[in-house]
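> Sequence and predicted model, in that order:
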Amino acid sequence: MGIIVVSGTGTEIGKTVVTSAVAAAAVAAGRSVAVLKPAQTGVAPGEPGDVAEVARLAGGAVTGVELVRYPEPLAPERAALRAGMATVSPEEVADAARKLAAGHDLVLVEGAGGLLVRFDAAGHTLADTARLLGAPVLVVAPAGLGTLNSATLTGEALRARGITQLGVVVGSWPAAPDLAARCNLADLPVAAQAPLLGAVPEGAGALAPEAFRAAAAGWLAPELGGAWAADAFLTAWA
């Protein structure tokens, strides 16, 4: 797993924090890590974006690359059009990821929003990048009501394209989960047809970087370099 593509089932669900946790666990294990953001939207020039946030939380040793930045918080295609800027292609993203993989043990390619958010007028998406790379996709999903439908649709889209889904991580697990969230722990792997590989606590991104790094492995399954166990977590919240 030299390259992992990280996608959400939607936006604002903890994708960057999950990416940071995976990066932190890998760094703690002595691996060199790079994070690639194909398209950063909604961030002005000079402001820190998602790549900077991953480096802040996971550690300064993480290499961060952002291919293009659009000022308005929109899907990349529309943001590029409104800004009068060039779009980014799956080939450009895949080429950048391969170059980073040549010098790093792990490359995390973090998308913008969901899997099928459009990059350009031709309808290219993050899924096209994953297919070009032959890389597995880690899906980040919310905990609550509605997540089963979006996880099902994302899983179907990946399988239809012949792309491996590495698993699902809950991007923001609430301190006091409601009935739907607790039931979704068991139902998400069924809906996604992929294993549950972690649950990152709500508010984890607000932790001090040192505390975040110390805790990150405890939020992730061994497949992601952590020590989190799905069965134990489900039992605790049954």
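Arrived safely.
> Please make it C-alpha for all contacts and neighbour counts, starting now.
Will do.
> can you give me the strands in this structure?
With strands called from DSSP state E, the chain shows them at 3-8, 33-41, 63-70, 106-114, 137-141, 165-173, 196-201.
> mind checking which of the ones you listed is nearest residue 91?
Closest of the strands of the chain to residue 91 is strand 33-41, at 10.8 Å (criterion: CA to CA).
> mind listing what that closest one pairs with, with the direction of each?
Here strand 33-41 has these sheet partners by DSSP bridges: strand 63-70 (parallel), strand 106-114 (parallel).
> I'd like to check the angle between it and strand 3-8, please.
40 degrees (axes from the mean of the first three to the mean of the last three CA atoms, to 10 degrees).
> follow-up on the earlier one: single out the most deeply packed of the strands paired with strand 33-41.
strand 106-114 (a mean of 25; mean count of other CA atoms under 10 Å).
> Show me what that one is in contact with.
With CA atoms under 8 Å, 6 or more residues apart in numbering as the test, strand 106-114 has contacts from 1-12, 15-16, 19, 23, 26, 31-41, 75-76, 97, 100-101, 126.
> need the contact list for the closest residue in space to residue 170 that isn't next to it in sequence.
Using CA to CA, 6 or more residues apart in numbering and skipping the chain neighbours, the partner closest in space to residue 170 is residue 199 (4.5 Å). Neighbouring residues of residue 199 by CA under 8 Å, 6+ apart: 169-173, 219-220.
> top of those by neighbour count?
For those, the largest neighbour count, defined by other CA atoms under 10 Å, is 31 neighbours, found at residue 170.
> if we can go back for a sec, which of the contacts of strand 106-114 count as buried?
The neighbour-count test (16 or more other CA atoms under 10 Å) marks 2-10, 15-16, 19, 23, 26, 32-41, 75-76, 97, 100-101, 126 as buried among those.
> Show me the beta-bridge partners of residue 137.
residue 5, residue 165.
> Neighbours of it, how many?
28.
> With the one 10 residues further on instead?
By the other CA under 10 Å criterion, the neighbourhood of residue 147 contains 21 residues.
> any idea what sits nearest it, other than its immediate chain neighbours?
Leaving aside its chain neighbours, residue 147 sits nearest to residue 141 (6.6 Å; criterion: CA to CA, 6+ apart).
> And the pLDDT for that neighbour?
Residue 141 is assigned a predicted lDDT (pLDDT) of 98.
> Verify the contact between it and residue 169 for me.
Yes - under the contact definition of CA atoms under 8 Å, residue 141 touches residue 169, with a separation of 6.3 Å.
> I'd like to check which residues are in contact with the residue lying closest to residue 172 once chain neighbours are set aside.
Spatial nearest neighbour of residue 172, excluding adjacent residues (CA to CA, 6+ apart): residue 202 at 4.3 Å. Counting by CA under 8 Å, 6+ apart, residue 202 touches 171-175.
> Same question for residue 56.
residue 209.
> so can I have a markdown table of the strands of the chain showing distance to residue 54?
Output for those, formatted as a markdown table (distance: least, CA to CA, whole Å):
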| stretch | distance to residue 54 |
| --- | --- |
| strand 3-8 | 13 |
| strand 33-41 | 8 |
| strand 63-70 | 8 |
| strand 106-114 | 10 |
| strand 137-141 | 15 |
| strand 165-173 | 14 |
| strand 196-201 | 14 |
